[in-house]
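1. any chance you could fold what I've pasted below:
(one chain, ligands or ions: 1)
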Amino acid sequence: MNKGRIMVVDDESILRMDIKEMLQEAGYDVVAEANNGEAAIELAAQHVPDLIVMDVKMPKMNGVKAARIINRSFDIPTILLTAYTEEELIAEAREAFIFGYLVKPITERDLMPAVEVAIGQARRVKSLMGSLKEMEKKMESRKRIERAKGILMDVYQLNEERAYQTMRTYCMNTRKTMDEVANHILHNRKLDVQSVL
Ligand SMILES: [Mg+2]
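-> Numbers count the residues shown, from 1 in each chain. Just a heads-up that it's a prediction; the model follows:
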């Protein structure tokens with residue numbers, strides 16, 4: 001079973017191979033490999049992995065900068081691989097979409113839980129963002145319906161309940177949603193209400 005699609009980025013090819021093997025043995029799909037930050041950005045766009053395991057110190061562009069760009073553009077989380085001497089970069093990493101960092105040498109014992117947690121967390125964040133957007137949409141729709149009801153009350157001198165009932169009835173007659181009818185009213189400032197009043 002595929003547990004997740006991962007991209008591995010490190011300028012040391014032997015370490016890259018090691019990590020790739022560990023991931024594959026644990027059931028992950030390694031969809032891309034890169035040896036610098038610039039290539040990582042390009043491949044992230046092409047393959048859209050679930051997670052990136054990326055070295056910090058690399059030629060052309062370092063891992064922190066690449067992680068930040070990748071997250072901003074494609075919403076993909078990163079685990080950084082680092083050495084003890086790179087504390088400045090780690091501080092920088094806090095601002096990027098970093099789901100953890102591992103200190104070299106990388107062992108299976110450290111890598112696997114970090115990968116599992118990062119993928120799980122990223123999925124939860126995404127689903128949370130999805131629900132938030134859904135909620136926002138519903139609230140916007142409710143606001144539109146309220147405004148449309150206000151227009152009906154004004155234009156046809158209806159009380160609130162009557163205006164709302166008029167919209168409901170119109171919905172049922174025309175097989176439209178409340179939101180569609182509200183949009184129609186907001187746009188035209190009227191409704192063909194003769195049939196429903
Ligand atoms: Mg390196």
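2. just give the nearest non-adjacent residue to the residue at minimal distance from the centre of the chain, would you?
-> The centroid of the chain falls nearest to K126 when counting by Cα atoms, centre = their mean (4.5 Å). Using Cβ to Cβ, 6 or more residues apart in numbering and skipping residues adjacent in sequence, the residue nearest K126 is D75, 7.5 Å away. In this view, the C-beta of every residue, glycine as well, is placed from N, C-alpha and C.
3. next, the one you found: phi, psi?
-> Phi and psi for D75, reported as degrees, to the nearest 10, are phi 60, psi 30.
4. now the residue nearest to the centre of the chain: how far from the ion?
-> With distances taken as Cβ to the ion, to the nearest Å, K126 is found 29 Å from the ion.
5. about what we covered before: correct me if wrong: the residue nearest to K126 contacts I69.
-> No - in terms of Cβ atoms under 8 Å, D75 does not count as a neighbour of I69; the distance is 11.8 Å.
6. contact residues of this structure facing the ion?
-> Residues of the chain that fall close to the ion, judged by Cβ under 5 Å from the ion: 11, 55, 57.
7. could I get these as JSON lines with distance to E160?
-> What follows is these, written out as JSON lines (distance: Cβ to Cβ, whole Å):
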{"residue": "D11", "distance to E160": "67"}
{"residue": "D55", "distance to E160": "63"}
{"residue": "K57", "distance to E160": "65"}
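8. can you tell me which of these are in helices?
-> In helices, defined here by DSSP state H, there are no members of the residues of the chain next to the ion.
9. how much space between M61 and I151?
-> From M61 over to I151 the distance is 54 Å, taken as Cβ to Cβ, to the nearest Å.
10. hmm, I typed the wrong one, I wanted E21.
-> Counting by Cβ to Cβ, the separation of E21 from I151 is 65 Å.
11. more neighbours, the two?
-> For the pair E21 and I151, the greater number of neighbours falls to I151 (17 against 12), based on other Cβ atoms under 10 Å.
12. domain-wise, how is this structure divided?
-> Taking automatic domain parsing as the domain assignment, the ranges for the chain are 5-106, 136-188.
13. okay, now the closest residue to T82 other than its chain neighbours: neighbour count?
-> Closest residue to T82 apart from its sequence neighbours, by Cβ to Cβ, 6+ apart: V56 at 4.5 Å. Other residues near V56 come to 23 when the count uses other Cβ under 10 Å.
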